[in-house]
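J.: For reference, the sequence and a predicted model appear below.
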Amino acid sequence: MTIALITGGNKGLGKAVGEQLGRQGMTVVLGSRDASRGEEAAAELRKDGLDAHTVTLDVTDGSSVAGAAAEIDKRFGVLDVLVNNAGISGFRAGPPSQADLAIVREVFDTNFFGVITVTNAMLPLLRRSSAARIVNVSSRVGSLTRHTDLTDYFARSPASSAYAPSKTALNMLTVQYAKELFAEGILVNAANPGAIATDFASAMGLTLERTAADGARVIVKLATFGRDGSTGAVWDDDGRVPW
Ligand SMILES: NC(=O)c1ccc[n+]([C@@H]2O[C@H](COP(=O)([O-])OP(=O)(O)OC[C@H]3O[C@@H](n4cnc5c(N)ncnc54)[C@H](OP(=O)(O)O)[C@@H]3O)[C@@H](O)[C@H]2O)c1
């Protein structure tokens, strides 16, 4: 039995990752800050014959995260895959010179500090796995290389005070966890899913063609790396990409 926890698993990319890992035979636990929305999503996956469960988990709330870890410990006693997927765009934060700091803090609380809170709470369970994998869901928007290459689309896109910096910080955090956990055989990577049609994008008025299932593929690939899989890298569908 292989157990996977996906934060923000009640919809969008997280739910699609749950579905794809479930189809590979994993027992999936969808983390959801709203219990009933989590249960609805898990019930849909169960209808398709998958072994899907849910835990209530708000990544910004330490006691909720500790409760989720205790629940997974009680039900399964181990965790093999952690997908840190929950994230928000904070797209109204504005450019740095006009930053709405309350929004910037909210974005970092979720996209960065939340990942530390969840990872550290789940590490005792991950350490009981023979081949634990952690995948942090990042974004192309977090790439320093792309933002500083004047020929690149992202270098010409509006300046961001919250989301892009939060994903850049998440990328570095991925490297630091990878360094620390390498000796224990725990592989830690970041995934860039590409621009995906989810509520996240539609709230910004974006109409996109790639589906959540398309975006989930790279996340699932990193979550199922074998022993010789890389660690401390950022990946998209085409392979490793620059930070
Ligand atoms: N869509 C894209 O184009 C795109 C591109 C690159 C990267 N990403 C990344 O992909 C990840 C998933 O995004 P998505 O497109 O699937 O967006 P989404 O449909 O808006 O889903 C976001 C998920 O995160 C959850 N969430 C937000 N704050 C949370 C918190 N404090 N605690 C627990 N869960 C929380 C949401 O829960 P609720 O339902 O309760 O709000 C929801 O389940 C994010 O990290 C995002 O940055 C998305």
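T.: That came in fine, so what should we check first? Residues are numbered from 1 along each chain as shown.

J.: which bits of the chain sit near the ligand?
T.: 7-8, 10-14, 33-34, 37, 57-60, 85-88, 110, 137, 139, 193, 195-196, 198-201 (CB under 6 Å from any ligand atom). C-betas here are computed from N, CA, C, even on glycine.

J.: Return the subset of those residues lying in strands.
T.: Counted as lying in strands by DSSP state E, out of the residues of the chain next to the ligand, are V137.

J.: At the geometric centre of the chain, which residue sits there?
T.: What sits nearest the mean C-alpha location of the chain, by CA atoms, centre = their mean, is N85, with 2.1 Å.

J.: L13 is in contact with that one, correct?
T.: Yes - between N85 and L13 there is a contact under CB atoms under 8 Å: 6.0 Å.

J.: Which helix runs longest in this protein?
T.: Ranked by number of residues, the top helix in the chain under DSSP state H is helix 163-181.

J.: before we move on, back to that, buried among the residues of the chain next to the ligand? Need that as a selection in ChimeraX.
T.: Selecting only the buried members of those in ChimeraX, with burial defined as 16 or more other CB atoms under 10 Å, works like this:
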select :7,8,10,11,12,13,14,33,37,57,58,59,60,85,86,87,88,110,137,139,193,195,196,198,200,201
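
J.: Return the subset of the residues of the chain next to the ligand lying in helices.
T.: Those of the residues of the chain next to the ligand mapping onto helices are G12, L13, G14, R37, D199, F200, A201, per DSSP H.

J.: Distance check, the second one against A213.
T.: With distances defined as CB to CB, to the nearest Å, the gap from L13 to A213 amounts to 9 Å.

J.: swap in G31?
T.: Taking CB to CB as the criterion, G31 is separated from A213 by 19 Å.

J.: Could you do V115 as well?
T.: V115 is 23 Å from A213, where distance means CB to CB.

J.: Of those two, give the one with the bigger neighbour count.
T.: For V115 against A213, the residue with the higher neighbour count under other CB atoms under 10 Å is V115, and the figures read 27 against 15.

J.: which ones are touching the spatially closest residue to that one that is not a sequence neighbour?
T.: The shortest distance from V115 to any non-neighbouring residue, by CB to CB, 6 or more residues apart in numbering, is to N84 (4.5 Å). Counting by CB atoms under 8 Å, 6 or more residues apart in numbering, N84 makes contact with T7, V59, G114, V115, V118, T119, I134, V135, N136, V137.
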